[in-house]
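In: Okay, predicted coordinates and the sequence, questions at the end:
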Amino acid sequence: MQIRKIAFIGTGIMGAPIAGHIMDAGYDVTVHNRTREKAEALLARGAHWADSPAEAAADADVVFTMLGYPTDVEDVYLATDGLIRTAKKGAWLIDLTTSSPELARDIHDAAEVEDKHAFDCPVTGGEQGAIDGTLTLIVGAAEKDVADVLPVLESFSSRRFYFDQPGGGQTAKLCNQVSLVSCMVGYADALALAQQSGIDPELMLEVLANGTGGSGASRTLAPKSLAGDYKPGFLVEHLRKDVALALRRSEDLDITLPGAETAFTLLDMLCQIGGSRMGTQALTLLYQEEETCKAAGLDWSLLDQGEGDDEGHECSCGHDHGDGHECCGGHHHDHGDGHECHCHHHE
């Protein structure tokens, strides 16, 4: 199959640069996004606009989706006018969203019935990786089975890992996110301890970078936290969604992920007080004085206005992550040895 026409649905922080690399590779690209404004730069470069996912996919050999939530993925693929029904026979449907492994399997199976080929392909590398075209792809299929689309995948990635089964890519991506958020809480704790102890936090981060306490998060995100740069490369609300999916999967498997539970509590709190659209490095704001948080646009009073998420976003996992787990943000924990946690001061 010769691939010429590509549809790309979801041209946000990650999707737009990915679509740009596909265009640079010489493919004819049609784009759709809920907000056309986010696709204007691609249109100016020669991409075609479609008013709906179905219209974008109508003549495409390959359709990529980069969406926000599993509910979005389900709607775009499985609705009456979704991609499973409206894409042409033989088309490849590739979901780059971090979503549910179970949903990925459902989409794969439904596509096969319709003589189309769908697989999950979540990415890691963040906004900078998307801009540089060096993303790592986590593929829920065998390499031999997706050989036809490999040249397109190579146009925006530097590494690809194949997990040989539908949903395998999503499961591996959730594992990555579980490790990431624990590392983020680790560097946030370390920064708070350094700052409250009166030592140079930048020098402390150098120690982490040259020792076993360092991580990708401490190398790339901690300096932004320290500089007060909360511009989103990856949104807090999307990381919260990813961790929620991992926790739902852990419940299905009857296992406990204490690091992920703690991180979810912190991310959920950050979303509730107005940080959902910040970059994930804003997690460290939960450790700062109230005036610092206010200057960054957060409002701790929102936390007392009731349960649930700001902006109407649900956690998407049906999981009570807060039961018995209070967040440190301004609230004291009894660690069992008479020592309370005083790293946050919002009361």
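Out: Now that the structure is in, tell me what you want to look at. Numbers count the residues shown, from 1 in each chain.

In: where along the stretch 1-150 of the chain do the strands fall?
Out: Here the stretch 1-150 of the chain has its strands, by DSSP state E, counting those that start in this stretch, at 5-9, 28-32, 48-49, 62-65, 92-95, 117-120, 123-124, 135-139.

In: Let me know which of these is the nearest to Thr86.
Out: For the strands of the stretch 1-150 of the chain, the distance to Thr86 is smallest for strand 62-65, at 9.6 Å, taking CB to CB. All C-beta atoms are positioned from the backbone trio N, CA, C, and that covers glycine.

In: Relative to Leu150, how far out is the closest residue to Asp164 other than its chain neighbours?
Out: Of all residues beyond its chain neighbours, the one nearest Asp164 is Ala142 (4.6 Å), with distances taken as CB to CB, 6 or more residues apart in numbering. From Ala142 over to Leu150 the distance is 12 Å, taken as CB to CB, to the nearest Å.

In: and Asp299, what does it touch?
Out: For Asp299, the residues meeting the contact criterion (CB atoms under 8 Å, 6 or more residues apart in numbering) are 273-274.

In: Give me the pLDDT for it.
Out: What the model reports for Asp299 is a pLDDT of 94.

In: where's it relative to Ile273, distance?
Out: Computed as CB to CB, the Asp299 to Ile273 distance reads 6 Å.

In: Tyr230 reaches Gln281, doesn't it?
Out: Yes: the pair Tyr230 / Gln281 is scored as a contact, 6.3 Å apart, by CB atoms under 8 Å.

In: Can you pull the residues that touch both of these two?
Out: When contacts are counted by CB under 8 Å, 6+ apart, Tyr230 and Gln281 are jointly contacted by Lys224.

In: which of these two has more neighbours?
Out: Neighbour tally, Tyr230 and Gln281, criterion other CB atoms under 10 Å: the higher count belongs to Gln281, 27 against 21.

In: Ramachandran coordinates for the more buried one?
Out: Its backbone dihedrals place Gln281 at phi -70, psi -10, with angles given as degrees, to the nearest 10.

In: Pretty sure it sits against Leu226.
Out: No: between Gln281 and Leu226 no contact is recorded; they are 9.1 Å apart, counting by CB under 8 Å.

In: Give me the buried positions along the longest helix seen in the chain.
Out: Ranked by residue count, the top helix of the chain under DSSP state H comes out as helix 168-197. When burial is assessed from 16 or more other CB atoms under 10 Å, helix 168-197 yields the following buried residues: 168-174, 176-178, 180-188, 190-192, 194-195.

In: How about stretch 115-128?
Out: 116-127.

In: again with stretch 280-298
Out: Neighbour counts over stretch 280-298 (16+ other CB under 10 Å) mark 280-288, 290, 293, 298 as buried.

In: Same question for stretch 233-253.
Out: Of all the residues in stretch 233-253, those buried under the rule 16+ other CB under 10 Å are 233-250.

In: measure Asp115 to Gly216 for me?
Out: The gap separating Asp115 from Gly216 is 41 Å, by CB to CB.

In: and what of Thr11?
Out: Using CB to CB, one gets 26 Å for the distance from Thr11 to Gly216.

In: and if you look at Met278?
Out: Applying CB to CB, one obtains 19 Å for the distance of Met278 from Gly216.

In: returning to what we had before: save the buried residues of stretch 280-298 as JSON lines, and put in distance to Ala54 and secondary structure too.
Out: Output for the buried residues of stretch 280-298, formatted as JSON lines (distance: CB to CB, whole Å; DSSP: H, G, I helix; E, B strand; the rest coil):
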{"residue": "Thr280", "distance to Ala54": "33", "secondary structure": "helix"}
{"residue": "Gln281", "distance to Ala54": "37", "secondary structure": "helix"}
{"residue": "Ala282", "distance to Ala54": "37", "secondary structure": "helix"}
{"residue": "Leu283", "distance to Ala54": "38", "secondary structure": "helix"}
{"residue": "Thr284", "distance to Ala54": "43", "secondary structure": "helix"}
{"residue": "Leu285", "distance to Ala54": "41", "secondary structure": "helix"}
{"residue": "Leu286", "distance to Ala54": "42", "secondary structure": "helix"}
{"residue": "Tyr287", "distance to Ala54": "46", "secondary structure": "helix"}
{"residue": "Gln288", "distance to Ala54": "46", "secondary structure": "coil"}
{"residue": "Glu290", "distance to Ala54": "48", "secondary structure": "helix"}
{"residue": "Cys293", "distance to Ala54": "43", "secondary structure": "helix"}
{"residue": "Leu298", "distance to Ala54": "40", "secondary structure": "coil"}
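
In: Please identify which pair of those lies farthest apart.
Out: Greatest spacing in the buried residues of stretch 280-298, by CB to CB: Thr280 and Glu290 (21.2 Å).

In: So for Thr11 and Gly216, which residue has more residues nearby?
Out: When neighbours are counted by other CB under 10 Å, Thr11 comes out ahead of the other of Thr11 and Gly216, with 27 against 13.

In: Is that one in contact with Glu37, as I believe?
Out: No: counting by CB under 8 Å, Thr11 does not reach Glu37; the two are 9.7 Å apart.

In: returning to that earlier point: how about the buried residues of stretch 115-128 in CSV, adding pLDDT and distance to Asp254?
Out: Putting those into CSV (pLDDT from 0 to 100; distance: CB to CB, whole Å) gives the following:
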residue, pLDDT, distance to Asp254
Lys116, 97, 35
His117, 97, 34
Ala118, 98, 29
Phe119, 98, 28
Asp120, 98, 24
Cys121, 98, 29
Pro122, 97, 24
Val123, 96, 29
Thr124, 94, 27
Gly125, 92, 32
Gly126, 88, 32
Glu127, 92, 36
